[in-house]
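[1] Give me a 3D structure for the following:
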Amino acid sequence: MAKSLLNICCVVLLSVLHAAAKRDQELYCGACKALVDEIEYAIKQVKPHKMIDVGSFRINPDGTQTQEKVPFAGSEVHMTELVEDICDKMNDYAASTDTVTQKRTYTRFNKREGEENIELHNISIDGETSKKLKYACQNVLEDYEEELLQIFREKKENKSHLLCNVISELCSNEEDHDEL
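    Predicted structure coming up:
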């Protein structure tokens, strides 16, 4: 009797620990979508004529260098700079709950330069949400940085859907993959 009670307690404890260890899917999905959106916005802000030298900086025996100029926007150097502090942008997001479905999403509440006014409905702006979203963003970036960089390097379409739904499956239950 005591042994079966101990087994039941262990099973209950393990299921509680497993549930606690699960990622909050809505949070991680929102962080993934916000991450892609922020990177896309940052790339669009770079002047198209800005170029960077890439290639070898070694001098060949004939005295020449093998280098070429490529657009800075979306280059490997640019992407590396972006991912260093992109998750700090999560401070500009707040939780938004759909009144019908009670589904939680994350909405940017700070207007970007050049954007029209943002309509905010049913949002909750607090520091705790921003901290959680930033932490989730950092985890997504840590887990999928190579895939993220490859998607941008190859200039894939529907980057958010590809990373957040297909590759990471963080938004696997999402029907509408355009909404943040």
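[2] Now do the helices in this protein.
    2-21, 25-44, 76-85, 127-153, 159-161 (DSSP state H).
[3] Dump those helices into TSV; add mean pLDDT, mean neighbour count and distance to Arg112 as well.
    Backbone N, C-alpha and C define where each C-beta goes, glycine included. TSV is the format used below for those (pLDDT from 0 to 100; neighbours: other Cβ atoms under 10 Å; distance: least, Cβ to Cβ, whole Å):
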stretch	mean pLDDT	mean neighbour count	distance to Arg112
helix 2-21	44	9	35
helix 25-44	94	21	7
helix 76-85	85	14	15
helix 127-153	93	17	17
helix 159-161	94	19	17
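[4] looking at these, which is closest to Asp53?
    helix 76-85 (9.8 Å; Cβ to Cβ).
[5] Give me the contacts around that closest one.
    Helix 76-85 has contacts (Cβ atoms under 8 Å, 6 or more residues apart in numbering) with 39, 42-43, 46, 52, 54, 72, 141, 145, 148-149, 152-153.
[6] which of the residues you listed sit farthest apart?
    Counting by Cβ to Cβ, the most remote pair of the contacts of helix 76-85 is Val54 and Leu141, 23.5 Å apart.
[7] now the biggest strand by length in the chain: mean pLDDT?
    Ranked by number of residues, the top strand in the chain under DSSP state E is strand 51-59. For strand 51-59, mean pLDDT is 75.
[8] Distance to Arg104 for the helices of the chain - can I get that in CSV?
    Converted to CSV, the helices of the chain look like this (distance: least, Cβ to Cβ, whole Å):
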stretch, distance to Arg104
helix 2-21, 18
helix 25-44, 5
helix 76-85, 25
helix 127-153, 10
helix 159-161, 17
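[9] that older thread, output the longest strand of the chain in PDB with nothing but the alpha carbons.
    Below are the C-alpha coordinates for strand 51-59, written out as PDB (Å, rounded to 0.1, in the frame of the first residue of the first chain):
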ATOM      1  CA  MET A  51      27.700  48.800 -49.200                       C
ATOM      2  CA  ILE A  52      30.300  46.700 -47.300                       C
ATOM      3  CA  ASP A  53      33.500  45.000 -48.500                       C
ATOM      4  CA  VAL A  54      33.500  41.300 -48.200                       C
ATOM      5  CA  GLY A  55      35.900  38.600 -49.200                       C
ATOM      6  CA  SER A  56      39.500  38.000 -48.300                       C
ATOM      7  CA  PHE A  57      41.700  40.800 -47.000                       C
ATOM      8  CA  ARG A  58      44.800  38.800 -47.900                       C
ATOM      9  CA  ILE A  59      46.900  40.100 -50.700                       C
END
